[in-house]
Structure formats: C-alpha cells, structure tokens
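> Could you work out the structure for the sequence below:
(2 chains)
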Amino acid sequence: MTQENLFHSSGKPAWCPGCGDFGILSSIEDALVNSGKKPHEVLIVSGIGQAAKLPHYINTNGFAGLHGRALPAAFGAKAANHHLQVLVTSGDGDIYGEGGNHFIHAIRRNIDITLIVHNNQIYGLTKRQASPTSDLGMVTKTQPNGVSTIPFNPLAIAITLDAVFVARSFSQEKAFTTQLIEEGIRTPGFSLIDILQPCVSFNTINTYKWYSERVYKLDSSHDPADKLQAYEKSSEWGDKIPIGILYKSARKTFLDDQFKPKDLPLFKRKTRMKEIISLINELY
Amino acid sequence: MSFDLTIMIAGEAGQGLNTLSSILLKMLAQSGYHLFASQDYMSRIRGGHNFTKIRVSNKPLYSSVSASHLLVALNQESVDLHLNHLSSPSIIVHDLDTVQVNKTGEICDIAAPIRKIAVDSGNALYGNSVVLGILTALLKLELTGLTDILKASFVKKAAKDRKGNIKAATEGFRYLSDNFQNLNIPLGRVKEKNRMLISGTESIALGMMAGGLRFISAYPMSPSTGIFTYITSKAGRLGIVSEQAEDEIAACNMAMGASAAGARSAVTTSGGGLSLMCEGISLSGMAEIPLVIINMQRPGPATGFPTRTAQEDLDLVLHIGHGEFPRFIFAPGTAEEAFYTSIKAMNLAEKYQVPVFILGDQHLADSYVTLDRLNANKVKYKSYLAENGALKKPYLRYKITRSGVSPLAHYGQDKIHFIVDSHIHTEDGHISEEMNVAKKMVEKRFRKLNGMKKEFSGPQYYGPKNAKTLFVSWGSTYGAVRETIDCLLAEKKSVAMVHYNKIWPFPVEESIEILKSRKDICVVENNYQGQFERLLQRETNIKTGKPVLRYDGRPFDVQFIIDMFEKRQK
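Purely as a prediction, here's the structure:
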C-alpha cells in the first residue's frame, strides 16, 4: 500500500534540470513517509548552497540558516525539542568546508540527527570552484593549475570519531538511498549519509556516467561493525567506489542522560522560580 | 558615625587569595556591613600580582576607592607595589619572616609569625586561616563567625585539615588580641543584619534563569566565563541544557536552533568571541529568532587585556551583523540592575523576536556588593510563544503585521509547520527575489522599533534637578560616577548625573529633555574614543563637554574622576 506523501511540496525547486538534488529530495520524502512521520514532527536544517535550499522544497519544518552552520543549529533545535526528528541536508562545501569544525564536533557530541550531504565535489552556487571533496587535478578558475589539496574524506573521519552510522550512496540509486536515509533516521545518534551527486552544470568530470561506472553496493561480506574494514572501504576511491553502510557503532547520544523519550521537551519546561529564589537565598 | 574602610588583600595567583577574600567578605556581610569588593588579577594561573580590594562601610557602596587603610600582604611584592598608595595612617599585616616593611609615615606594622603559627597548627598551608584569624580580631568580629564559615568551607576536606585550619585561625585571632590590644581601627559597629553578597556575574546569571533561560551555549572567554559556569553548575537543578561549543560561531548558531524550536536561549562571551558571532547575530536579525547575547567587555583590540575592564565594544554591538535590523542594547550599572535587566532581556528577545545585548564588563562581572534583597517577582517571566489554538491557519511565520511582530510558533505543533530563513523571504518563510517582498519585510522588521522604544525606562537621573554640570554614565561606570556626585555635592558643587542602562533603541526624547539646558555635560567611560559620548551627540544633537576617559584596563574611582574633572576645568 502506498502511503500518502504529505511531505511533497508543490513549489518548484530552483535547481538545474537533471540535478542530482532532485533524486535526493525524492529519497528524503520517501524515507520520511516510510518512517511514518508527519510533517510537523520533522525539522530539516540546512546551511547555504544549492543542496541547502532543500528545506524550501519539502513540506515540513525548516531552518535555512548560515553557510556551514547547519549542524550547531540542528543540535540546538534537537536539545530544545527532542521529540523532533531532525535531519540536516547540505552540500560538501557547506558541511565539510565552511562547517568542517562543526562536522567533527557534532559527531563527537553524538546528537541524534541524520546528516545527508549532497556531495557533488564542486561548488555549484558560486559557479564552479573546487570543494573539499574535489579530486586532485580538477581545473577551475580558482584552481587554474588543478586541485593540489588532498580531498577531504568525510567517511574516514566519521569512522575515526566513531559516528554511530556512516553510509554512502549515489543519488541515482533512489530506492537504495531511501533505505539508507530510513535506517539513518531509525538509528539513535549521529548518522552520516554522504550521497554522491552529479552537478550537471559545473562538474564535467564526476558525471552520472562517471559515478555509474564506478559505484558498487557493499554486500554481506562487509561487516559494518568492523572498524578496520570500514576504514578500508572508506578509502576505496577511483575505479571502484563502495556504496552502502560502511560503519555502525552504537553509543549513548548527547541527550540520553537529560531526557527520556517521553519527557516533556526542554522548551516546555517551566521556570523553576522556587529554585531561583533558593539560589538567591544562598547568597546571604 | 559614618565610616569607610578599605582593605586590600594582595599576593600572587595560587596563594589562595580568592578563598581568603571570599571568607572575609562573607563574615563582613553576615555582620551587616555594606561592602564593595573589586578584583584585579592577571591572566595567568600561578604567580603574577593579584589583589582584591574590600571596602567596608555603614552606608551603601557603589565603587572602590584608590587608597587602602589596611593591606594584607601575602608576599614582598605586595608591600613594594602598594606601600605608597596606602592612606595615612594605615596598617599592614604580613608574615614576620618572609615579608619586610620599611616603615614610612604612619604605618602600623603587624609583622605576625603567620607561617610559624600555621606550621604549629599542623601545616604551612594553613597560613591564610591564620591571616583570617588576625583580621577577625583586628576588625573586632566574632571568632565563632569565622570558625563556622571555616567548618562549612572545609566540610569536604579531611577532618585533620578542617581542625588544623580552625586551630590556625584561632591562634591567629589570639596572637592579635594578645599583642595589639589597643590598636584602633576606624570601623564602627553596625546593626547586626545578614546582607546578601552578590557579584555581577551571579546577578546576570540569576536574572537570565529567572527570565526563563532554557538553553545556553558558550565558549569560555574571560571575563564572561563565570556566568556560563554559574548557570552550568545550576543547570540540573533548573532544568536548563548547557553546552560548551567548539567555538563561538557554533555557540551562537546552537542557541538560535534551540530558540527557533521554542527554548529561550542565550550565549555569553567577550569581544573576541562576539566578533565570531557577528554572522549569527545577523541571522537572528533576518530570521527573527530571539537571542540574548551577554557580552562582558575587556580591553581590545584582539586579545587585549584578558582579565581587565573596558567599555570598548559599544560601537561593535551597535552595528554587529551585516545588513540592517533592530536590536536592544542594555548596559546595567550595578549588580542589582543587572539582575532585573537580564530578566527583561530574556522576555524582550522573545516578545520582539530580535537579538538583545547585555553589555557588561570585567568590573561589573568580578565586583561583589552587598544588597538587602533581590525580588525575583519584580520582573515577571512572560512567554510570547503562540500555542496551536491561537494560531491562524495557514500559519505564516513572518506574517506582516502593524506592530511588525509576527505570531511566534515553535516546531512540533500539530498540523503546523514552518521554515525560518536567512534569505529575503515571503511571509511563509520561503526565498523571494521580489523587490516588493524585500521592501515590505524590511519595513515590517523595523516597525518593531515603535514598540521597542517604549519598553524599559529611559535614563536615570541622580542629584539636584537644576545642576549646572551633568555627568553621564553608562554600564559599570555608574558606581564611581554616583559616588563622585555625592562627593562633589558635599563640596557644594552644582552637579548631578544621568545613567544609561537602556542604550538602544536610544531614548532620544528623554535625553533631550534632560540635557538641553545644561551648561556642561561630562560623559565618563572606559574607552579612548568616547564611544557613548559620540552616540549621545549624534542622537540628541546636543554638544557635550570634554569627556572623562580611562583606557588602561582599570575601573574608575572617585579620585580619578575628580582629578580628571578638575584638570578639564582649567
């Protein structure tokens, strides 16, 4: 039985025709529908960039904030209302570049959110400059001699920091992506889903064809609980690129000690004036 | 008979100066004295030269004075640095063996065998308890008052140390009583009354909590750290979530995420951290997310003087954040005012959905003062979140209204969802490139100023109505200026003062009313450029006289202001 998709918005995304973002949007919608969530129970936080416009194109709560700052804002919102299902959708430049520091510390903090990175290995909104994940040698106007900076490996870093759920997908693999997002949503703690996504306007190297020829799905021979194996898979790049769940490592989430699932959310708590008055009295 | 005595306790970091001062302060407050204590310390963990000045009187106090009557010198440097700044006569208390005093003028030298008494009581580390015993006898306080506090403060320590410290204090008390029987100390009796002792740090923290704070995120930075740690230490008791962020950028954005989700949120920082929050504050302006920013100033630029005081960030908070948006700025002058202002700040941020700044400084943060009471119910917490039933459907997060304020929903309300956005956006929060949308939204946001101007009282006046010279204070300069007025009035000078706590929106009409017919206006502030003076002139178009400025990292005192004021008259 197909459930009604309340998340689908009638608004027209301002993305280029053929952009990988469309596929990711549709996967997010499906994953939310499959998870049985209602639009008011979900919050999607983003930063700046083409991917970061996604909260405008879906029927649910949104926080379209600042470049690189989606993760801290998502943390604050989750702390204020732990009943919210919080997702972050943003691009490689936003999360890994401008917000690199927050990426590291959000994983350490292990807030229960699902981070979906639209990784197209290029800056789209500012019209073709290298991103932290651009491959070596890519020539752009700001890297005229080709990228010489080692690409950022988000999966290896997430595994190092013991992120609870680390996965990679490819935007064209819609059903597969939906499944991964669903599992990310279900998993308590910080989930990273890095989605390879062609930029049809500016990335002429990492095209649909380029990715399609390289990606392969991890099978049962890969054990996501095995950290070393996960590392190996995270550094596989070039002729063969694995997609699927690379790593899983359950641990306590940031709010576990402060809220039980059924507790009143933080923002609904009353101001404890009696305690404040007793603090004042302690000053005598 | 009135009296006014200043005690200086000086030494190096790591000598237990803070514990010593706080126990003495507690004893004096419990004995009913009015107190004002300020701290001067270096940005280091060990060594360096630090001191606390404790002023004791039978009338309310608002600032420190420069000369001390009693110096407690915990090392030689303390004598060398402060000997020439003591009043005459004065008393110095120090260890007999390790500190020497070359007597000049009328100094009563109490060279006590502090170390020896401590060692005899069980440990050389009990020295400060010996000093406390000596001071208790010297100030004619009750020994039991001291031993009770020591018992309570060492309750978690080993019984041996607790007993040892009490023995050391008792022996110190006895030493002074036996050897300096006839010493006359200008400290009168007061009616026994337990007074509250509070720092600016505590009063701001308590005000924020009484104002409904639910979420705080910060990165530690002097001199704001105390507020963050105080709130964090009470977070469990008060049901507050506190998080130390990876940087101030994160702190600011975390607070906004929490705020957008309905939790009252604040950040604490100082100038350098505030600079990092600049973009986040601009988001608060555009996305209309309530946010309280506590900025405790210290001298800059860059790292400046980490542990000292300044009022250099006024221009920064007036303009921080790219683009244009309304904001509130408050600069409380005393711990008492800071408490009520902080409650209001929490309310106003939510009421108008704007950033609200409290501009304090190291002097306000680290000074202790006695108060009779704080009334937690004087300024009431009031929620401005709209609940589901009160919201019109479809809900528009940025609905254009006459007041400029849109109904404030929070995430998670049944059948309602909305987006907050950093772009120019339509009433429903979605990106727009339309010029009319932009224009209407800018005007909507600025219409809030009509309401904001009416909030909070204007400047406070102190002194005779038609005084010729009007001093102007803002923020923590209030105390020293107020005492300057009292001092000059006693000399029959025609002076009064006006104090600004609410700085933005600037109280233009009220200011013109007060300032227009004055012969001489003298702004007193802790910066080089006269930032407030320039603001005052710009907003009122009234010419002020030469300001009294201080920019060496130290707070004002009466003598400094009077000296500068007299120089200025010539």
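
> C-alpha from now on. contacts and neighbour counts both.
Noted.

> Now the residue in the stretch 1-150 of chain B that chain A sits nearest to: closest residue in space, sequence neighbours ignored.
Distances between the stretch 1-150 of chain B and chain A by C-alpha to the nearest C-alpha are smallest at B:Gln30, namely 7.2 Å. Nearest residue to B:Gln30, sequence neighbours excluded (C-alpha to C-alpha, 6 or more residues apart in numbering or on different chains): B:Asn194, at 4.3 Å.

> now B:Thr201
B:Ala365 (4.5 Å).

> Quick check: the one you found touching B:Pro223?
Yes. In terms of C-alpha atoms under 8 Å, B:Ala365 counts as a neighbour of B:Pro223; the distance is 6.9 Å.

> Need the overlap of contacts for those two.
B:Met296 (C-alpha atoms under 8 Å, 6 or more residues apart in numbering or on different chains).

> quick one: the residue nearest to B:Thr201 is in a helix?
Yes. The assignment for B:Ala365 (DSSP: H, G, I helix; E, B strand; the rest coil) places it in a helix.

> Going C-terminal from the longest helix seen in chain A, what's the next secondary structure element?
In chain A, taking DSSP state H as the definition, the longest helix is helix A:20-34. Downstream of helix A:20-34, the first helix or strand assigned by DSSP states H and E is strand A:42-46.

> Report the inter-axis angle for that next one versus helix A:20-34.
Counting by axes from the mean of the first three to the mean of the last three C-alpha atoms, to 10 degrees, strand A:42-46 points 160 degrees away from the direction of helix A:20-34.

> Show me where the stretch 401-550 of chain B has its strands.
B:419-421, B:460-462, B:469-474, B:495-500, B:502-504, B:520-525, B:548-549 (DSSP state E, counting those that start in this stretch).

> re earlier: and the residue nearest to B:Thr201, how far from B:Ile358?
Going from B:Ala365 to B:Ile358 by C-alpha to C-alpha, to the nearest Å gives 12 Å.

> more crowded one of the two?
Of the pair B:Ala365 and B:Ile358, B:Ala365 is the one with more neighbours under other C-alpha atoms under 10 Å in any protein chain shown, namely 29 against 26.

> ok, now which ones touch the most centrally placed residue in chain B?
Central residue of chain B (C-alpha atoms, centre = their mean): B:Leu364, 2.4 Å from the mean position. Taking C-alpha under 8 Å, 6+ apart, we find B:Leu364 in contact with B:Ser199, B:Gly200, B:Thr201, B:Gly333, B:Thr334, B:Ala335, B:Ser476.

> one step back: do the longest helix of chain A and chain B meet?
No. Helix A:20-34 is not in contact with chain B by C-alpha under 8 Å from any C-alpha of the partner chain; minimum separation 14.8 Å.

> before we move on, the earlier item: and the gap between the residue of the stretch 1-150 of chain B closest to chain A and A:Lys270?
On the measure of C-alpha to C-alpha, B:Gln30 and A:Lys270 end up 33 Å apart.

> Those two - which one has more neighbours?
Set B:Gln30 next to A:Lys270 and count neighbours by other C-alpha under 10 Å: B:Gln30 wins out with 19 against 12.

> Chain A contacts on the stretch 251-400 of chain B?
Near chain A, when you scan the stretch 251-400 of chain B using C-alpha under 8 Å from any C-alpha, you find B:251, B:253-264, B:279-280, B:283, B:374, B:376.

> Report the buried residues of stretch B:190-209.
B:194-209 (16 or more other C-alpha atoms under 10 Å in any protein chain shown).

> coming back round to it: would you agree the residue of the stretch 1-150 of chain B closest to chain A is in contact with B:Ile149?
No. Look at B:Gln30 against B:Ile149 with C-alpha under 8 Å: they stay out of range, at 10.5 Å.
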